[in-house]
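In: Provide a 3D model corresponding to the input given below.
(2 chains)
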Number of protein chains: 2
Amino acid sequence: MRATGSGRSRGYRAERELVATLWRMGFAVMRAPASGSKIKRADYPDVVAIRKGKVAVFEVKSRRKYENIYLSRTQVRKLINFTERAGGKAFIAIRIPHEGWRVVPVENLELMGNGNYRLSKEVIEKAPNLTEVLKQLGFIATLDQYTKGRSK
Amino acid sequence: MRATGSGRSRGYRAERELVATLWRMGFAVMRAPASGSKIKRADYPDVVAIRKGKVAVFEVKSRRKYENIYLSRTQVRKLINFTERAGGKAFIAIRIPHEGWRVVPVENLELMGNGNYRLSKEVIEKAPNLTEVLKQLGFIATLDQYTKGRSK
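Out: Numbers count the residues shown, from 1 in each chain, chains lettered A, B, ... in the order given. Take a look at the predicted model:
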């Protein structure tokens, strides 16, 4: 989430939208407390979704357009640690206006020379949307049931 | 959580303590956003803990002494709905000074004539502590590893 006021409120809206979408898909969904605060930063991913014991963990990014996204090594390490404890799968979910969600497994992040991580514009552009990812990984059984256009 | 300021801050402390304890036990743990606010009330249980795909969902209560605790039918229905989606087990966790945690499965609540629920003082007094419950239900493998006296 960006440090600017508008970026932060856009990030909040994206998180709430992701929570609502996953809830409609039948997941139990929890959003992190006080996103952007020190407490949040310390321990929690942005959104955790659970369905019959299967766990999907999300860091949520909102961008106006396709572009490279950078994540700190600390953020990625905490995301992976939480997900390993839970026994789930970790994703970066990117919301782009009129493009919907692009969802990238954390394994697809590129490690940079400085120890931080990059998600390239090209990888985001080619990434599947939310229902495609959840279907591929067996979180949801049927695609048709939830699909309302590619953006959902 | 009680409506008084002191009751609410005691409730917060209890939630944070439960989160820290479950984290030490190896769970991925998430606390609800803005406990006590409208958003929290709408959807989320107080604490969700996940370990290798097993999910424990908690409503947290803090009391100065053993006494009956009352929960609204709405609160209980939402707790059960969330837990069924997740595929987990729901508990009421009660923190009492110098007594530690007493943990009661949601099935042990008594339905009252008005549709709300009661957790009786007697049930709370006889309830197991956190490690005992998690051991019984197979969330954690060994009791010895985590036990530091009966109160944990």
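
In: Buried by neighbour count: which residues of the helix or strand that contains A:Val123 qualify?
Out: Using DSSP states H and E, A:Val123 maps to helix A:121-126. For helix A:121-126, a neighbour-count test (16 or more other C-beta atoms under 10 Å in any protein chain shown) marks A:Val123, A:Ile124 as buried. Quick note: C-beta positions are derived from backbone N, CA and C, even for glycine.

In: Spatially central residue for chain A, please.
Out: Closest residue to the average C-alpha location of chain A: A:Ala93 at 2.8 Å, with C-alpha atoms, centre = their mean.

In: Output the contacting helices and strands for the longest helix along chain A.
Out: Ranked by number of residues, the top helix in chain A under DSSP state H is helix A:5-24. Under the contact definition 3 or more C-beta pairs under 8 Å, 6 or more residues apart in numbering or on different chains; DSSP states H and E, helix A:5-24 sits against strand A:28-31, strand A:47-51, strand A:54-62, strand A:89-96, helix A:130-136.

In: could you dump those to TSV with mean pLDDT and distance to A:Thr21?
Out: Formatted as TSV, those follow (pLDDT from 0 to 100; distance: least, C-beta to C-beta, whole Å):
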stretch	mean pLDDT	distance to A:Thr21
strand A:28-31	94	9
strand A:47-51	96	10
strand A:54-62	96	11
strand A:89-96	97	10
helix A:130-136	92	7
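
In: Ok, which of the ones you listed comes nearest A:Lys121?
Out: Nearest to A:Lys121, of all these, is strand A:89-96, at 10.3 Å by C-beta to C-beta.

In: sorry, back to before: now the helix holding A:Val123 - C-alpha only, CSV.
Out: Taking Å, rounded to 0.1, in the frame of the first residue of the first chain, the C-alpha atoms of helix A:121-126 are listed here in CSV:
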residue,chain,number,x,y,z
LYS,A,121,4.7,-5.5,-14.8
GLU,A,122,4.8,-8.3,-17.3
VAL,A,123,4.1,-11.0,-14.7
ILE,A,124,1.1,-9.0,-13.4
GLU,A,125,-0.3,-8.5,-16.9
LYS,A,126,-0.1,-12.3,-17.6
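
In: From chain B, how far out is the nearest residue to A:Met112 once chain neighbours are set aside?
Out: The spatially closest residue to A:Met112, leaving aside those adjacent along the chain, is A:Arg118, at 5.4 Å (C-beta to C-beta, 6 or more residues apart in numbering or on different chains). Using C-beta to the nearest C-beta, to the nearest Å, we find A:Arg118 at a distance of 25 Å from chain B.

In: Up against chain B, what does chain A have?
Out: A:23, A:26-35, A:43-44, A:48, A:50-55, A:82-83, A:85-88 (C-beta under 8 Å from any C-beta of the partner chain).

In: And the buried ones among the residues you listed, selectable in PyMOL?
Out: Selection of buried members from those for PyMOL, criterion 16+ other C-beta under 10 Å:
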select buried, chain A and resi 26+27+28+29+30+31+32+33+35+43+44+48+50+51+54+55+82+83+85+86+87+88
